[in-house]
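Enquirer: Next input, structure requested:
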Amino acid sequence: MRIYKIAAGKQGTDFNVNANTLWSSLWKLEETFQEILDNQLSFSAGNPLQVAKSLEMRNAFFVLDGHHRAIESIIRGQNSIYVHWSDSYPYIDAGIGNVLPSDKIKIIDFLKTKDLSQIKL
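Expert: Numbers count the residues shown, from 1 in each chain. Modelled structure (predicted):
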């Protein structure tokens, strides 16, 4: 299992973003989607997603923490997602752990490839 290191400080900004601007790594989305299929749902509903910004893509936010919340919100039809960003978080283009820029995909595009009728929220 891969783990993201997230800055401990609470400094930053909470705001809503369009669900279409959320990105993640393919491996993390596959893992999280399978957990949701196995009825392992979010324990943090209502908390903002922790996101990093992209240097190369304007209005793109990479989910660091909150993948279950992101997927569940999008499946429920939410277009606006509550996020937290801090300037202490790394820019995704610089790479985070084992995640390389070529591994990222829009969460909405990922979900378009899945059979969502199997999900019971």
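
Enquirer: where does the residue nearest to Asp65 when sequence neighbours are not counted land in three-state SS?
Expert: Spatial nearest neighbour of Asp65, excluding adjacent residues (Cβ to Cβ, 6 or more residues apart in numbering): Gln50 at 4.0 Å. Yep, even glycine has a C-beta here, placed from its N, CA and C like the rest. Secondary structure, DSSP: H, G, I helix; E, B strand; the rest coil: Gln50 is strand.

Enquirer: and the longest helix anywhere in the chain, which residues are buried?
Expert: Across the chain, the longest stretch assigned as helix under DSSP state H is helix 26-37. The neighbour-count check on helix 26-37 (16 or more other Cβ atoms under 10 Å) flags Lys28, Leu29, Thr32, Phe33, Ile36 as buried.

Enquirer: Show me the two of those that sit farthest apart.
Expert: Using Cβ to Cβ, the two most remote members of those are Lys28 and Ile36, lying 12.5 Å apart.

Enquirer: Just the CA trace of the longest helix of the chain, in CSV.
Expert: Taking Å, rounded to 0.1, in the frame of the first residue of the first chain, the C-alpha atoms of helix 26-37 are listed here in CSV:
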residue,chain,number,x,y,z
LEU,A,26,-4.9,5.5,-11.5
TRP,A,27,-3.6,2.9,-9.0
LYS,A,28,-5.2,4.8,-6.0
LEU,A,29,-8.6,5.1,-7.8
GLU,A,30,-8.6,1.4,-8.7
GLU,A,31,-7.8,0.5,-5.1
THR,A,32,-10.4,2.9,-3.7
PHE,A,33,-13.1,1.8,-6.1
GLN,A,34,-12.6,-1.8,-5.2
GLU,A,35,-12.9,-0.9,-1.5
ILE,A,36,-16.2,0.9,-2.2
LEU,A,37,-17.4,-2.1,-4.1
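
Enquirer: As a check, name the ranges of all strands in this structure.
Expert: Ranges of strands in the chain, per DSSP state E, are 13-18, 22-25, 49-53, 61-65, 80-85, 104-106.
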